[in-house]
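Student: following is a predicted model, sequence given first.
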Number of protein chains: 2
Amino acid sequence: MADMTPATEGFILHWGEMGTKWGINRTVAQIHALLYLSPKALNAEQIADTLSVARSNVSNSLRELQGWGIVKVVHVIGDRRDHYESMKDVWEMFQIILDERKKREIDPTLAILRELTAKAKKSGAKDAHTHERLKDMLNFFESMSAWYAQIRRLPQAAFIKFIKMGDRVRKLLGFAGR
Amino acid sequence: MADMTPATEGFILHWGEMGTKWGINRTVAQIHALLYLSPKALNAEQIADTLSVARSNVSNSLRELQGWGIVKVVHVIGDRRDHYESMKDVWEMFQIILDERKKREIDPTLAILRELTAKAKKSGAKDAHTHERLKDMLNFFESMSAWYAQIRRLPQAAFIKFIKMGDRVRKLLGFAGR
DNA sequence: TCGTTCTTTCTGTCATAACAGAACATTGCC
DNA sequence: GGCAATGTTCTGTTATGACAGAAAGAACGA
């Protein structure tokens, strides 16, 4: 890794590790980290050089990041090459990641849980316990999903304010839950 | 996979896939799914037979699940063998999983972000932009972490009620955020 | 249109982690 | 203590996905 301050390098390495623990390719996460920290858009070659990975690896990883919607191509006048930059707003970025993971993983899970719960119900006594368990699981996912849809619709400022309210959240909920 | 209804088998397979997407070993997730659905505690051999995996694989996976705190050993009278059962309360289960992932992954990230943010600040102008970005990221993680600590302290019933409030959440927040 | 630059896709290699089977260790009974 | 049953650890194999490098494909300028 050439040309990086210790802070930059440290973040890129840790972000890469974090990625692997959450099912995201290390290089993908590292590129994202690099672009997030970079004050200006970078081209693929710069990325490959900085992280010491193959050009092809960068190409595929960038496609992945674009698929997530957190990195986009920009153009620099007088330069044919594609340049890439990451979204900088952290709150928006994580909202997008959550949206995407919900769409890719939670929604299909919901669909399958509905299907299997119905199936277990139909098959009667021998699946009675299974049905019960699946129903609980389905109920959980549906509740969480609906809740997320609610807070997701809040304007970002309101959401941030809500998160940052701190202790008042509990009082509020103590009141509202009654 | 012997001796399973389609609903059971479907859930186990899907849960295994879900696991891999979230950085959890497929077999570990499958065993968890099996135990979650099972009306009674199972011994290691039953698990190995049902899922067609090696006994050693089951042993290691069970250790992992016990490490997460969502599976525990129980004993059946007149039977020397260890039997295993999963926690059945879905809400509690996910709370535990979130706690654990926070402890293992988010807290270390926070520590590193603090360290790197400080380092970037000290190194002055050449890291000014990096410092800015790291500070944003740190701020996000700290806010989320504090928020989680708040809702985490709620009694479970209140939490569930809150999640299930549905549309009222937004009105509440509209009011509270002002 | 040809050559240059840049990007993507394809193919084979490599690293990692999952896994099976065997060896080993422990437990409890006779 | 010895033996059967159970559980864990170790070792080598296998499967998977990450990756490099080469080849192919576009885009563009001359």
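Tutor: In hand now; what should we look at? Numbers count the residues shown, from 1 in each chain, chains lettered A, B, ... in the order given.
Student: gap between the residue of chain A positioned farthest from its centre and B:Glu85?
Tutor: The C-alpha centroid of chain A is most remote from A:Ala125, which lies 40.6 Å away (C-alpha atoms, centre = their mean). In this structure, A:Ala125 and B:Glu85 are 22 Å apart, going by C-beta to C-beta, to the nearest Å. Every C-beta, even on glycine, is put in place using the N, C-alpha and C of the backbone.
Student: how about the contacts made by A:Phe140?
Tutor: Residues in contact with A:Phe140 (C-beta atoms under 8 Å, 6 or more residues apart in numbering or on different chains) are B:90-91, B:94.
Student: just the buried members of the residues you listed?
Tutor: With burial judged by 16 or more other C-beta atoms under 10 Å in any protein chain shown, the buried subset of the contacts of A:Phe140 is B:90-91.
Student: elements contacting the helix or strand encompassing A:Ile163?
Tutor: Counting by DSSP states H and E, the element that carries A:Ile163 is helix A:156-164. Applying 3 or more C-beta pairs under 8 Å, 6 or more residues apart in numbering or on different chains; DSSP states H and E, we find helix A:156-164 packed against helix A:90-101, helix B:128-153, helix B:168-176.
Student: number of nearby residues for A:Ile31?
Tutor: 31 (other C-beta atoms under 10 Å in any protein chain shown).
Student: do the same with A:His131
Tutor: A:His131 has 23 nearby residues by other C-beta under 10 Å.
Student: sorry, back to before: so of the helices and strands packed on helix A:156-164, which one's packed in deepest?
Tutor: Stretch with highest mean neighbour count among the helices and strands packed on helix A:156-164: helix B:128-153 (a mean of 17; mean count of other C-beta atoms under 10 Å in any protein chain shown).
Student: tell me the contacts of A:Pro39?
Tutor: Neighbour list for A:Pro39: B:His129 [criterion: C-beta under 8 Å, 6+ apart].
Student: tell me the pLDDT of it.
Tutor: What the model reports as pLDDT for A:Pro39 is 95.
Student: distance of A:Lys102 relative to A:Gln95?
Tutor: 11 Å.
Student: how far away from the center of its chain is whichever strand or helix holds A:Arg114?
Tutor: Per DSSP H and E, A:Arg114 falls inside helix A:107-122. How far helix A:107-122 lies from its chain's middle: 25 Å, per C-alpha atoms, centre = their mean, to the nearest Å.
Student: how about the residues of chain A near DNA strand C?
Tutor: By C-beta under 7 Å from any atom of the strand, the residues of chain A that approach DNA strand C are A:20, A:43-45, A:55-56, A:59-60, A:62-63, A:79-82.
Student: who are the packing partners of the helix holding A:Arg114?
Tutor: helix A:128-153, helix B:6-21.
Student: I'd like those as CSV, with distance to B:Leu134 and mean pLDDT appended.
Tutor: Converted to CSV, the helices and strands packed on helix A:107-122 look like this (distance: least, C-beta to C-beta, whole Å; pLDDT from 0 to 100):
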stretch, distance to B:Leu134, mean pLDDT
helix A:128-153, 26, 93
helix B:6-21, 28, 96
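Student: contact partners for A:Gly16?
Tutor: Taking C-beta under 8 Å, 6+ apart as the test, what A:Gly16 contacts is A:26-27, A:29-30, A:33.
Student: can you rerun that using 6 Å?
Tutor: Neighbouring residues of A:Gly16 by C-beta atoms under 6 Å, 6 or more residues apart in numbering or on different chains: A:26, A:29-30.
Student: tell me which of those residues fall in helices.
Tutor: Judged by DSSP state H, these include A:26, A:29-30 as members of helices.
Student: so which of those residues is the closest to DNA strand C?
Tutor: Of all the ones in helices among the contacts of A:Gly16, DNA strand C sits closest to A:Arg26, with 9.3 Å by C-beta to the nearest atom of the strand.
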